[in-house]
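Q: structure for the following, please:
(one chain, ligands or ions: 2)
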Amino acid sequence: MRSLKGAFMTQLLIRLFIRRPNSPQDPRVRAAYGNLASVVGMVCNILLCLGKFVVGTLFGSIAITADALNNLSDASSNIVSLVGFKLAAKAPDAEHPYGHARFEYLAGLVVSVTILGIGFSLLKESVTKALHPTPVQFGWLTVAVLVVSILVKLWMSGFNRAIGRIISSETLIATAADSRNDVLSTAAVLVAAILCRVTGWDVLDGLMGVGVAVFILISGWGLVMDTLSPLLGESPSEDLVEHIEQTVMGYPGVLGVHDLMVHDYGPGHQFASIHVELPAEQDPLEAHDLIDNIERDFMKHDHLMVTIHYDPIVTSDAAVGVLRSRLTEKLRQLDPALSLHDLRIVPGKTHTNVLFDLVLPAGYAGDKVELLTQMEQFIKEQDPTYNCIIKLEQSYTAAAHK
Ligand SMILES: [Zn+2]
Ligand SMILES: [Zn+2]
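A: Ligands and ions are numbered 1, 2, ... in the order given. Just a heads-up that it's a prediction; the model follows:
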């Protein structure tokens, strides 16, 4: 029942403040959603911070003050993401033709470093308080403020997750996870306050302060990693890779795909390139039309700018097909993460060249020389006149450890 009311509140806010809620791909609508989430989060966090700060100071509890500062750090991240969403929505200009959407990651990085700073100063204060405990008073006001805080954070978690899913924003989904963690930390502070009252052990307050500080530090560190990674450039999500490959393979005549690369210039600003294998016998004009259609398909449906490279595949030569399936099987036995493409057999007077590209996962730890020797040997076993030329390539879609 409660969650139903919470969802109702979320829907109401969306209806009131978002003009075209059903087109979240539109950068302006996306920015409106982002702004709404940031402003609502900011107002809630500032109110929670004020309430706890007053109670913590009145009753001399470092744990509650720490929890208040946790909300303040959340409020500051709301402000920074508000600025981030605004800058990210800026249209491309002459200096930045790829848009400004990476500002969202930069904003997140600034926030996470701030959170780390707050965490360290709290840790210092709480350790002092745990070593030299001062009396903590108890009031029902404390309980009331903490219970309200737990309920508000529960709702905020659902609210941020809902909007984060609508506009697929990592930032908001991270905020939702952060709100859920806040529920746990505030609940722990509440339990400590009650225990403090029941047992009279004032040291509990300082210890709980240390706990909350460590919690703030851990979440801050996680956020640093989350925002740094897309700035450095990371593998695209498995869902996106599968979607792109399935879409291309769905076109008639497409025999295979490989060498997919996705470049990310911030949410909603992705570029990709992929090699598409088509029968060599096909008319090149037809093949080009097909490729143009696929590119347009991605632009229209996924707002994704894809450049496609054309690889002709000889389908009439049975020897190529046989060798391809043997090599694929051999590679699968050596390491399922390996793959090959662009296999060609070029006969000459003295020997026959066998050429192909061998794809290694990024960060491949195996012995490359040994791998090449094994493949060369295997090919010689198929036919002693074969001379193989293997090009090693790195994959840009999946990390080696996955
Ligand atoms: Zn290729
Ligand atoms: Zn073209």
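
Q: in the protein, what residue is nearest ligand 1?
A: Going by CB to the ion, ligand 1 is nearest to H275 of the chain, at 3.5 Å. Using the backbone N, CA and C atoms, a C-beta is placed for each residue, glycine as well.

Q: quick one: that residue from G34, how far?
A: Using CB to CB, to the nearest Å, H275 is found at 36 Å from G34.

Q: what does S235 give?
A: Note on S235: its distance to G34, by CB to CB, is 25 Å.

Q: who touches the nearest residue to R324 once chain neighbours are set aside in this structure?
A: Leaving aside its sequence neighbours, R324 sits nearest to L343 (CB to CB, 6 or more residues apart in numbering; 5.1 Å). Remark: with contacts taken as CB atoms under 8 Å, 6 or more residues apart in numbering, L343 is in contact with V320, L323, R324, L327, V354, L355, F356.

Q: quick check, L343 in a strand?
A: Yes - secondary structure of L343, determined by DSSP: H, G, I helix; E, B strand; the rest coil: located in a strand.

Q: what's the pLDDT at it?
A: L343 carries a pLDDT score of 89 in this model.

Q: cool, and L69?
A: 84.

Q: burial count for it?
A: Other residues within reach of L69, judged by other CB atoms under 10 Å, total 22.

Q: so if I had to pick from S235 and G34, which one is more boxed in?
A: Neighbours per residue, other CB under 10 Å: of S235 and G34, the larger number sits with G34, 25 against 17.

Q: now do the contacts for that one.
A: Applying CB under 8 Å, 6+ apart, we find G34 in contact with S81, L82, F85, A88, I163, I167, S169, T171, L172.

Q: buried ones in the stretch of helix or strand it belongs to?
A: Using DSSP states H and E, G34 maps to helix 27-59. With burial defined by 16 or more other CB atoms under 10 Å, the residues of helix 27-59 counted as buried are 27, 29-38, 40-42, 44-46, 48-49, 51-53, 55-56, 59.

Q: show me what secondary structure element comes after that helix.
A: Going down the chain from helix 27-59, the next helix or strand is helix 62-88, by DSSP H and E.

Q: so where is the stretch 201-350 of the chain shaky, pLDDT-wise?
A: Along the stretch 201-350 of the chain, the model assigns pLDDT under 70 to no residue.

Q: separation between the residue nearest the centre of the chain and L231?
A: In the chain, the C-alpha closest to the average C-alpha coordinate belongs to E170, at a distance of 5.7 Å (CA atoms, centre = their mean). When CB to CB is the yardstick, E170 and L231 sit 12 Å from each other.

Q: near ligand 1, from the contacts of G34?
A: Among the contacts of G34, proximity to ligand 1 is found for none (CB under 5 Å from the ion).

Q: and the furthest pair within those?
A: Using CB to CB, those reach their maximum pairwise distance at A88 and I163, which is 15.2 Å.

Q: so what's the nearest residue to V203 once chain neighbours are set aside up against?
A: Distances taken as CB to CB, 6+ apart place P133 nearest to V203, at 4.6 Å, with adjacent residues excluded. Residues in contact with P133, defined by CB under 8 Å, 6+ apart, are D202, V203, D205, G206.

Q: counting neighbours, what do you get for the first one?
A: Yep, that's D202 we're talking about. Residue crowding around D202 was assessed by other CB under 10 Å; the count is 17.

Q: tell me the pLDDT at the spatially closest residue to it that is not a sequence neighbour?
A: Excluding its sequence neighbours, the residue lying closest to D202 (CB to CB, 6+ apart) is P133, at 4.0 Å. Looking at P133, its pLDDT is 77.

Q: P133 should be in a strand, yeah?
A: No - according to three-state DSSP, the state of P133 is coil, so it is not within a strand.

Q: near ligand 1, which residues of this protein? Just list them.
A: Counting by CB under 5 Å from the ion, the residues of the chain near ligand 1 are H275, D311, D342.

Q: partner residues bridging the first one?
A: Beta bridges link H275 to H258, H309, judged by DSSP bridges.

Q: tell me how far it lies from V314.
A: Going from H275 to V314 by CB to CB gives 16 Å.

Q: the more surrounded of those two?
A: Neighbours were counted for H275 and for V314 using other CB under 10 Å; H275 has more, 18 against 14.

Q: residue contacts, that one?
A: H275 sits next to V257, H258, D259, I308, H309, Y310, D311, H341, D342 when contact means CB under 8 Å, 6+ apart.

Q: swap the cut-off to 7 Å and go again
A: By CB atoms under 7 Å, 6 or more residues apart in numbering, H275 lies in contact with V257, H258, D259, H309, D311.

Q: distance of the third one relative to A337?
A: Read that as D259. D259 sits 15 Å away from A337, taking CB to CB as the criterion.

Q: also the last one?
A: Distance check for D311 against A337: by CB to CB, it reads 22 Å.

Q: ditto for the second one
A: Plainly put, H258 is 14 Å away from A337 if you go by CB to CB.

Q: of the two, which one has the most company?
A: Neighbour comparison, H258 and A337: the larger count goes to H258, with 20 against 17 (by other CB under 10 Å).

Q: residues near V354, how many?
A: By other CB under 10 Å, 25 other residues sit near V354.

Q: please disregard the earlier target; I meant Q270.
A: 19.

Q: that one: what's it in contact with?
A: V262, H263, D264, L304.

Q: using PDB, write down the CA coordinates of the helix or strand containing the second one.
A: With the criterion set as DSSP H and E, the secondary-structure element containing H263 is strand 256-264. What follows is strand 256-264, C-alpha atoms only, in PDB (Å, rounded to 0.1, in the frame of the first residue of the first chain):
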ATOM      1  CA  GLY A 256      28.200 -12.500 -39.900                       C
ATOM      2  CA  VAL A 257      29.500  -9.500 -38.000                       C
ATOM      3  CA  HIS A 258      32.700  -8.700 -36.200                       C
ATOM      4  CA  ASP A 259      35.000  -5.900 -34.900                       C
ATOM      5  CA  LEU A 260      32.200  -3.900 -33.200                       C
ATOM      6  CA  MET A 261      33.400  -0.700 -31.500                       C
ATOM      7  CA  VAL A 262      31.300   1.700 -29.500                       C
ATOM      8  CA  HIS A 263      32.400   5.200 -28.500                       C
ATOM      9  CA  ASP A 264      30.600   6.900 -25.800                       C
END
